[in-house]
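# would you be able to build a 3D model of this:
(one chain, ligands or ions: 1)
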Amino acid sequence: IDELLAAGVTGTRVFVRADLNVPLDGTRITDDGRIRAVLPTVKALADAGAKVVVASHLGRPKGAPDPAFSLAPAAARLGELLGTEVAFATDTVGDSALATVDGLADGGVAVVENLRFNAGETSKDDVERGAFADRLAELADVYVGDGFGAVHRKHASVFDLPARLPHYVGFLIATEVGVLKKLTDDVQRPYVVALGGAKVSDKLAVIDELLKKADRILIGGGMAYTFLKAKGYEIGSSLLQEDQVPVVVEYIERAEKTGVELVLPVDALVGAAFPDLKTKAPANPTAVAADAIPADRMGLDIGPESRKLYASKLTDAATVFWNGPMGVFEHPDYAEGTKAVAQALLDSPAFTVVGGGDSAAAVRLLGFDENAFGHISTGGGASLEYLEGKTLPGLAALED
Ligand code: 3PG
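Numbers count the residues shown, from 1 in each chain. Sure, this is the predicted structure:
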């Protein structure tokens, strides 16, 4: 993008593929981190006199307009953060989008409606995706890729559109890739990884890769119970992905053979049922040993002994990558495990990368100062797939 800015962009229509996929409560944005993350690119282009057309997906609508997934709240928030008016097109490539872009003054910014209101955006069919990319190309002269959170998707706006326009890498993608490279190319050791979140199946591929790269892997969150089951423990009514147990057994054996320290919870906070996240009614959890979860109880956070253990396993790290909360942090009774890991990262001199989605939101919602962490990635799936060593369509498309 520096090259583009240096060449001069006054009056040039620049399509910025952002990731404005922010969490919403109705139309209220509960965490605007992803909007703030793309501001440097949008601001630099607007300040240089470009006509900036910002596009993004939000949620997973089914290829047709759905008001519940409108980008209008994100567009309004972008305007607030920029301190200027941001025009909003009520479609993505139709009359409203064309008229809105036509009406932009030099230095003006517009947001077009959710890319995924169009079936062509996510289509598996190259021709259908290409046809939608052709329509998107009509909106701009130049493409800037800056939606790091979506670079792992082979979607029209991420993969096909850059092939149709001169294309550049935005500031956010450049920063994110620079940081993740430090974890893959020449990592400072000990390299400790903390993985949480609900689904073990989402993390299997990255664990497979990390077993070759990391010195220590701490497992928490809902997926920890599949690991405990694989150890032969009874886990009551805790979350279990039964079909993944054999894979996890193999990972535990491999970690032992290769000397990677795989750390599992030694205790858990358990409750009778999943807590009510709306009322936040007291859940009255109890702490039990990880191998003694009662049949009628569900593990919902790591316990106090595990908190101490995990903090101690982070103190000597030189590099830490953390993805996924340790428990149901949205409920105060089950937030302590996630807080303990966040605090341990803050206390440690290690280079820390917090990988996307829920853990980034957790850090902010639990009241931590996000600037105190080395880097908070805007990409959940994208950062995991990067660490898996996969070719990411949205980066490959910008490479030349
Ligand atoms: C994310 O939230 O990880 C990105 O915005 C990608 O969203 P998706 O998983 O719906 O493609």
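# A helix includes Val353, no?
No - Val353 is assigned strand when assessed by DSSP: H, G, I helix; E, B strand; the rest coil, not a helix.
# number of residues surrounding the closest residue to the ligand within the stretch 201-350 of the chain?
Using C-beta to the nearest ligand atom, the single residue of the stretch 201-350 of the chain nearest to the ligand is Asp202, 10.3 Å away. Where C-beta positions appear, they are placed from N, C-alpha and C, glycine not excepted. Other residues within reach of Asp202, judged by other C-beta atoms under 10 Å, total 17.
# got phi/psi on it?
phi -70, psi -20 (degrees, to the nearest 10).
# likewise for Val86?
phi -120, psi 120.
# residue contacts, it?
For Val86, the contact set (C-beta atoms under 8 Å, 6 or more residues apart in numbering) comprises Val54, Ala75, Ala76, Leu78, Gly79, Val109, Ala110, Val111.
# in strands, which of the residues you listed fall?
The members of the contacts of Val86 that map onto strands under DSSP state E are Val54, Val109, Ala110, Val111.
# out of the residues you listed, who's nearest the ligand?
Val54 (14.5 Å).
# how many neighbours does the residue of the stretch 51-200 of the chain found nearest the ligand have?
For the stretch 51-200 of the chain and the ligand, the shortest gap (C-beta to the nearest ligand atom) falls at Gly149, measuring 3.9 Å. Applying other C-beta under 10 Å, we find 26 residues neighbouring Gly149.
# helix/strand/coil for it?
Strictly by three-state DSSP, Gly149 counts as helix.
# helix, strand or coil for the residue of the chain found nearest the ligand?
Per C-beta to the nearest ligand atom, Asn21 is where the chain lies closest to the ligand, at 3.5 Å. At Asn21 the chain is in coil, as set by three-state DSSP.
# equivalent analysis for Ala255, please.
helix.
# that one touches Arg216, doesn't it?
No - using C-beta atoms under 8 Å, Ala255 makes no contact with Arg216, being 9.6 Å away.
# near the ligand, which residues of the stretch 151-300 of the chain show up?
Counting by C-beta under 6 Å from any ligand atom, the residues of the stretch 151-300 of the chain close to the ligand are Arg153.
# neighbours of the closest residue to Val9 other than its chain neighbours, just the number please.
Distances taken as C-beta to C-beta, 6 or more residues apart in numbering place Ala50 nearest to Val9, at 4.0 Å, with adjacent residues excluded. Neighbourhood size, Ala50 [other C-beta under 10 Å]: 29.
# got the contact list for Ala50?
Listed by C-beta under 8 Å, 6+ apart, the contact partners of Ala50 are Val9, Thr10, Gly11, Thr12, Arg13, Val14, Asp106, Gly107.
# how far away is it from Pro282?
53 Å (C-beta to C-beta, to the nearest Å).
# could you dump the helix or strand bottoming out on mean pLDDT in the chain to PDB, C-alpha only?
Least confident helix or strand, the chain: helix 357-365 with a mean of 79, by mean pLDDT, DSSP states H and E. Presented in PDB, the C-alpha positions along helix 357-365 are these (Å, rounded to 0.1, in the frame of the first residue of the first chain):
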ATOM      1  CA  GLY A 357     -12.000 -14.200  17.600                       C
ATOM      2  CA  ASP A 358     -13.100 -15.200  21.100                       C
ATOM      3  CA  SER A 359      -9.800 -14.800  22.900                       C
ATOM      4  CA  ALA A 360      -9.300 -11.300  21.500                       C
ATOM      5  CA  ALA A 361     -12.900 -10.400  22.600                       C
ATOM      6  CA  ALA A 362     -12.300 -12.100  26.000                       C
ATOM      7  CA  VAL A 363      -9.200 -10.000  26.600                       C
ATOM      8  CA  ARG A 364     -11.200  -6.800  25.900                       C
ATOM      9  CA  LEU A 365     -14.500  -7.800  27.600                       C
END
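# elements contacting it?
With contacts taken as 3 or more C-beta pairs under 8 Å, 6 or more residues apart in numbering; DSSP states H and E, helix 357-365 sits against helix 33-47, strand 319-323, helix 336-347, strand 375-377.
# buried ones in that helix, by neighbour count?
Residues Gly357, Asp358, Ser359, Ala360, Ala361, Ala362, Val363, Leu365 are the ones in helix 357-365 that count as buried (16 or more other C-beta atoms under 10 Å).
# and stretch 332-347, by the same measure?
Buried positions in stretch 332-347, judged by neighbour count with 16+ other C-beta under 10 Å: 333-345.
# any idea how far that stretch is from the chain center?
19 Å (C-alpha atoms, centre = their mean, to the nearest Å).
# using PDB, list the CA coordinates for it.
Taking Å, rounded to 0.1, in the frame of the first residue of the first chain, the C-alpha atoms of stretch 332-347 are listed here in PDB:
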ATOM      1  CA  PRO A 332     -18.500 -14.300  35.600                       C
ATOM      2  CA  ASP A 333     -18.400 -17.700  37.500                       C
ATOM      3  CA  TYR A 334     -16.500 -19.300  34.700                       C
ATOM      4  CA  ALA A 335     -14.200 -16.400  33.700                       C
ATOM      5  CA  GLU A 336     -11.300 -17.000  36.100                       C
ATOM      6  CA  GLY A 337      -9.400 -19.500  33.900                       C
ATOM      7  CA  THR A 338      -9.300 -17.200  30.900                       C
ATOM      8  CA  LYS A 339      -8.400 -14.300  33.200                       C
ATOM      9  CA  ALA A 340      -5.600 -16.300  34.700                       C
ATOM     10  CA  VAL A 341      -4.000 -17.000  31.300                       C
ATOM     11  CA  ALA A 342      -4.500 -13.400  30.200                       C
ATOM     12  CA  GLN A 343      -2.800 -12.200  33.400                       C
ATOM     13  CA  ALA A 344       0.000 -14.700  33.100                       C
ATOM     14  CA  LEU A 345       0.700 -13.400  29.600                       C
ATOM     15  CA  LEU A 346       0.800  -9.800  30.800                       C
ATOM     16  CA  ASP A 347       3.200 -10.700  33.600                       C
END
